[in-house]
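> would you be able to build a 3D model of this:
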Amino acid sequence: MSKKVIPYKDSELGKKEQVTQMFDTISKDYDGLNRVISFGIDVKWRKRVVEILKGKKPGSILDIATGTGDLAIAMTATGAEHIVGLDISPGMLEVGRTKITNKKLENTIEMVVGDSENLSFEDQSFDAVTVAFGVRNFENLEKGLQEIHRVLKPGGSLVILETSVPTKFPFKQGYRLYCGYILPVIGKIFSKDRSAYAYLSESASQFPHGKAFNNILAKIGFIGIENKPQTFGVASIYVATK
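Residues are numbered from 1 along each chain as shown. Predicted coordinates:
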């Protein structure tokens with residue numbers, strides 16, 4: 001298991017509180033910076049998550065760490081009748097609610113403040129759970145995954161999109177250069193919180209990925225685990241079943 005990336009700046013607050021403050025601070029800039037940082041490829045990755053779930057025809061979906069709601073909005077293409085977008089940051093959710101209102105999706109998508117490690121939903125509440133670029137921010141990774149397992153219906157699907165580290169030359173070296181030097185500079189130029197994108201870079205590089213993350217999912221009790229590397233391995237889509 002990788003070491004905890006905390007704090008992301010000098011603070012007496014725990015990781016959960018710091019992450020909340022960080023995303024509240026950068027919420028207005030987040031979507032634009034996301035497109036710049038990923039060169040827009042994150043949109044394609046989210047579409048692949050949607051395609052994975054579309055064939056499973058989920059009636060209800062919980063999108064954890066929904067942020068500004070990009071994945072929750074994209075999930076409407078699955079035909080799901082009820083989608084809950086949950087995030088710990090009120091600021092990110094406020095941006096998301098505006099997007100949902102503009103798209104007239106209020107009857108399908110509900111945005112709620114919540115803690116991924118202490119979900120307020122009953123056991124076996126959802127047909128599918130998704131997380132895009134959020135599990136690395138869990139303060140206690142296994143506890144968060146256990147909560148996901150609890151609220152999923154038997155046979156339900158978990159799909160996680162998360163950053164990973166390429167293993168082959170020259171992509172591995174290029175990834176380290178980008179995360180170590182270029183990403184923090186972009187954050188300093190465009191973000192109000194200069195520490196935030198340094199944290200995001202460091203947390204991405206230290207998060208367990210590939211087989212290491214597959215093993216954690218298996219430990220929690222998920223089955224049928226698949227790992228689908230994306231774009232030379234800079235991100236991965238993990239698919240598992242309860």
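> kindly list the longest helix within the protein.
helix 15-38 (DSSP state H).
> which helices and strands does the helix or strand following that one pack with?
Using DSSP states H and E, the helix or strand that follows helix 15-38 in sequence is helix 41-54. Helices and strands touching helix 41-54, by 3 or more C-beta pairs under 8 Å, 6 or more residues apart in numbering; DSSP states H and E, are helix 15-38, helix 70-74, strand 126-132, strand 152-163, strand 223-230, strand 235-241. The C-beta positions use only the backbone N, C-alpha and C, and glycine is treated the same way.
> direction included, what does the third one pair against?
Strand 126-132 has these partner strands in its sheet, going by DSSP bridges: strand 60-64 (parallel), strand 152-163 (parallel).
> the first one to helix 41-54, inter-axis angle?
Angular relation of strand 60-64 and helix 41-54 on a 0 to 180 degree scale: 150 degrees, by axes from the mean of the first three to the mean of the last three C-alpha atoms, to 10 degrees.
> residues contacting strand 60-64, please?
For strand 60-64, the external contacting residues (C-beta atoms under 8 Å, 6 or more residues apart in numbering) are 53, 69, 71-72, 75, 78, 80-87, 116, 119, 121, 125-132, 134, 144, 148, 151.
> picking that back up, just the CA trace of the longest helix of the chain, in PDB.
Output of helix 15-38 as PDB, limited to C-alpha atoms (Å, rounded to 0.1, in the frame of the first residue of the first chain):
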ATOM      1  CA  LYS A  15      -6.800  14.800   4.600                       C
ATOM      2  CA  LYS A  16     -10.600  14.800   4.200                       C
ATOM      3  CA  GLU A  17     -10.900  18.400   5.400                       C
ATOM      4  CA  GLN A  18      -8.000  19.500   3.300                       C
ATOM      5  CA  VAL A  19      -9.400  17.900   0.200                       C
ATOM      6  CA  THR A  20     -12.800  19.500   0.800                       C
ATOM      7  CA  GLN A  21     -11.200  23.000   1.200                       C
ATOM      8  CA  MET A  22      -9.000  22.400  -1.900                       C
ATOM      9  CA  PHE A  23     -11.800  21.500  -4.200                       C
ATOM     10  CA  ASP A  24     -14.000  24.300  -2.900                       C
ATOM     11  CA  THR A  25     -11.300  26.700  -3.700                       C
ATOM     12  CA  ILE A  26     -10.600  25.400  -7.300                       C
ATOM     13  CA  SER A  27     -14.200  24.600  -8.100                       C
ATOM     14  CA  LYS A  28     -14.800  27.500 -10.500                       C
ATOM     15  CA  ASP A  29     -11.600  26.700 -12.400                       C
ATOM     16  CA  TYR A  30     -11.800  22.900 -12.200                       C
ATOM     17  CA  ASP A  31     -13.500  22.000 -15.500                       C
ATOM     18  CA  GLY A  32     -11.300  24.300 -17.600                       C
ATOM     19  CA  LEU A  33      -8.100  23.200 -15.900                       C
ATOM     20  CA  ASN A  34      -9.200  19.500 -16.300                       C
ATOM     21  CA  ARG A  35      -9.400  20.000 -20.100                       C
ATOM     22  CA  VAL A  36      -6.000  21.700 -20.200                       C
ATOM     23  CA  ILE A  37      -4.200  19.200 -18.000                       C
ATOM     24  CA  SER A  38      -5.600  16.100 -19.800                       C
END
